[in-house]
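**Q** quick one: sequence and predicted model below, then my questions.
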Amino acid sequence: MALISLKDVTKIYPKGSRPALDGINLDIERGDFVFLVGASGSGKTSLLRLLLREEEATEGEIRVAGNDLRRLKSRQIPLYRRSIGFVFQDYKLLTNKTVWQNVAFTLEVIGARRSTIKTMVPQVLKTVGLTGKENNYPHELSGGEAQRVALARAYVNHPGILLADEPTGNLDPTTSLGIMEVLDAINRTGTTIVMATHNEEIVNSMRKRVIELHSGHIMRDEAHGSYDSAKFFPDADVEAKAQQALGTAPLHTGNPQSTVMTDTQFSNEGIARLASSVHSGRTGRYGEVFAPVEQTLTWGKGLRLEEEAAEAERRGSDTFVPPAPDAPSAPSPITEHFTRIGKKTAGSPGDKQGSQGHVEGETNSDSGKQGKNEEGAL
Ligand SMILES: Nc1ncnc2c1ncn2[C@@H]1O[C@H](COP(=O)(O)OP(=O)(O)OP(=O)(O)O)[C@@H](O)[C@H]1O
């Protein structure tokens, strides 16, 4: 069964003049990287909000890791949300907490031990390139740094699914490239990513699955799509520079549909292609400040978080063991995650708010109860 499955899903907001989503049928498999594209108002954010269970479908069925979201009890929703990472265009960091505290908070709310937090937070901050910024507050960060904190926070407990709504919307091309590198690296660890975006350059370069919405309908669903097929490599010079930078044979032969590439090639070359495109100087005013692609392309080899955690465990320290979203034979990551959270949250201290600030006022004992209930229910 698909990790995420929507059947005949319609969303009509109380004051909506037309459905925000209309008869959506969609399967997203474990490990997919999906771009949601479409004009403003086409329904991208609504789809993400349904998946996050911030909104309920008016009609139809949504299943995530086999769980029918209609049947989630309201007390189970905070726990469900904590099993999913999400990032937004405007970061949504906790302004009164430092970088370290923002990331640690995600682990605190699931009841991770202090020693675990001490091990995991520096690892994930290193992973997103924020070592040295631990004590900075959000207002002391650049937009790119703030989004990296949001990614670190969304990823630190290794969710099976990460939802991203325009995560590069406020960022310049170079900074956006860095964010995409992080997302790509996270995806390589097995986390399924669904990202809404308007950024054609990113979509066209990455060649991931593209779902295009129009007035609440799916207009297009392509395995290795673009935002606008007419814009595939509009500039022969960009293509040439990409090949030069990569030292590779031509990646494409004109018509992308007829190009024979393996999935591995696609996933390995998406970020490199994006970097080459960004570094080509096509964007003009940003081009001059770019460092050579060889120096700035830091990702693409996968996050070392699990390896580092395993290493820490071998050394005998108290280690947070994340679920393994990409292991097909393992139990569903979300179910596994719920079970783990259920165990950890039972009677755990400090659980006052959802990992991204959604669960105001939840008490410690509530959280413990939810963990136990959830473990049985899911
Ligand atoms: N809370 C709401 N109440 C009423 N209508 C809403 C609400 N949220 C969204 N809509 C409407 O639903 C439709 C889809 O909106 P949605 O935000 O999902 O689009 P989008 O593709 O994410 O747009 P954008 O790219 O501008 O973020 C729009 O017509 C919007 O006006």
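**A** On my side now, so go ahead. Numbers count the residues shown, from 1 in each chain.
**Q** can we go C-alpha only for contacts and neighbour counts from here?
**A** Fine.
**Q** now do the contacts for the nearest residue to I4 once chain neighbours are set aside.
**A** Once flanking residues are discounted, I4 sits nearest to V64: 4.6 Å by C-alpha to C-alpha, 6 or more residues apart in numbering. Counting by C-alpha atoms under 8 Å, 6 or more residues apart in numbering, V64 touches L3, I4, S5, L51.
**Q** next SSE after whichever strand or helix holds the third one?
**A** The reference is to S5. Element membership for S5 (DSSP states H and E) is strand 4-11. Per DSSP H and E, the first helix or strand lying C-terminal to strand 4-11 is strand 21-28.
**Q** in that following strand, what's buried?
**A** L21, D22, G23, I24, N25, L26, I28 (16 or more other C-alpha atoms under 10 Å).
**Q** closest to the ligand out of those residues?
**A** L21 (7.2 Å; C-alpha to the nearest ligand atom).
**Q** which strand residues bridge the closest one?
**A** Residues in a beta bridge with L21, per DSSP bridges, are K11.
**Q** looking at the protein, which helix or strand does the model trust least?
**A** The helix or strand of the chain with the poorest confidence is helix 364-377; it has a mean of 32 (mean pLDDT, DSSP states H and E).
**Q** out of the contacts of V64, which is most surrounded?
**A** L51 (24 neighbours; other C-alpha atoms under 10 Å).
**Q** for that residue, report the pLDDT, please.
**A** For L51, the pLDDT comes out at 96.
**Q** which secondary structure element contains the nearest residue to P173 once chain neighbours are set aside?
**A** Once flanking residues are discounted, P173 sits nearest to V278: 6.5 Å by C-alpha to C-alpha, 6+ apart. For V278, the host element (DSSP H and E) is helix 263-279.
**Q** re the thing from before, now the two most distant members of the buried residues of strand 21-28.
**A** Maximum pairwise distance among the buried residues of strand 21-28 (C-alpha to C-alpha): 17.9 Å, between D22 and I28.
**Q** hang on, G43 packs against D22?
**A** No: contact status for G43 versus D22: not in contact, 9.2 Å apart, counting by C-alpha atoms under 8 Å.
**Q** who touches both of those two?
**A** By C-alpha under 8 Å, 6+ apart, the residues touching both G43 and D22 are G216.
**Q** give me the mean pLDDT for stretch 21-37.
**A** Stretch 21-37 comes out at a mean pLDDT of 96.
**Q** look up how far S176 lies from the spatially closest residue to Y137 that is not a sequence neighbour.
**A** Once flanking residues are discounted, Y137 sits nearest to T98: 4.4 Å by C-alpha to C-alpha, 6+ apart. Note on T98: its distance to S176, by C-alpha to C-alpha, to the nearest Å, is 23 Å.
**Q** ranges for the strands of the stretch 151-300 of the chain?
**A** Along the stretch 151-300 of the chain, the stretches classed as strands by DSSP state E, counting those that start in this stretch are 161-165, 192-196, 209-214, 217-222.
**Q** with mean neighbour count and mean pLDDT added, can I get the ones you listed in TSV?
**A** TSV is the format used below for these (neighbours: other C-alpha atoms under 10 Å; pLDDT from 0 to 100):
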stretch	mean neighbour count	mean pLDDT
strand 161-165	24	94
strand 192-196	25	96
strand 209-214	22	93
strand 217-222	16	92
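**Q** switch those strands over to JSON lines; also include distance to the ligand.
**A** As requested, the strands of the stretch 151-300 of the chain are exported to JSON lines (distance: least, C-alpha to the nearest ligand atom, whole Å):
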{"stretch": "strand 161-165", "distance to the ligand": "8"}
{"stretch": "strand 192-196", "distance to the ligand": "8"}
{"stretch": "strand 209-214", "distance to the ligand": "7"}
{"stretch": "strand 217-222", "distance to the ligand": "11"}
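**Q** include distance to Y80 when you put those into TSV, please.
**A** What follows is the strands of the stretch 151-300 of the chain, written out as TSV (distance: least, C-alpha to C-alpha, whole Å):
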stretch	distance to Y80
strand 161-165	11
strand 192-196	16
strand 209-214	25
strand 217-222	26
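**Q** surely P159 meets S83?
**A** Yes: judged on C-alpha under 8 Å, P159 makes contact with S83 at a distance of 5.7 Å.
**Q** how about the residues of the stretch 1-150 of the chain near the ligand?
**A** Y13, K15, G16, A20, A39, S40, G41, S42, G43, K44, T45, S46 (C-alpha under 6 Å from any ligand atom).
**Q** now the buried members of those.
**A** Applying 16+ other C-alpha under 10 Å to those flags Y13, A20, S42, G43, K44, T45, S46 as buried.
**Q** so how far is E59 from the fifth one?
**A** What it means is K44. 17 Å.
**Q** so where is the stretch 101-250 of the chain shaky, pLDDT-wise?
**A** 228-250 (pLDDT under 70).
**Q** one more time with 50
**A** 229-239, 241-250 (pLDDT under 50).
**Q** would you map the helices across it?
**A** 114-127, 143-155, 173-188, 200-206, 236-246 (DSSP state H, counting those that start in this stretch).
**Q** just send those back as a markdown table, with mean neighbour count too.
**A** A markdown table is the format used below for these (neighbours: other C-alpha atoms under 10 Å):
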| stretch | mean neighbour count |
| --- | --- |
| helix 114-127 | 19 |
| helix 143-155 | 25 |
| helix 173-188 | 23 |
| helix 200-206 | 23 |
| helix 236-246 | 16 |
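**Q** out of those helices, which is closest to R75?
**A** Across the helices of the stretch 101-250 of the chain, closest to R75 is helix 143-155 (C-alpha to C-alpha), at 21.4 Å.
**Q** what angle sits between that closest one and helix 173-188?
**A** Orientation check (axes from the mean of the first three to the mean of the last three C-alpha atoms, to 10 degrees): helix 143-155 against helix 173-188 gives 10 degrees.
**Q** brilliant, that's me finished.
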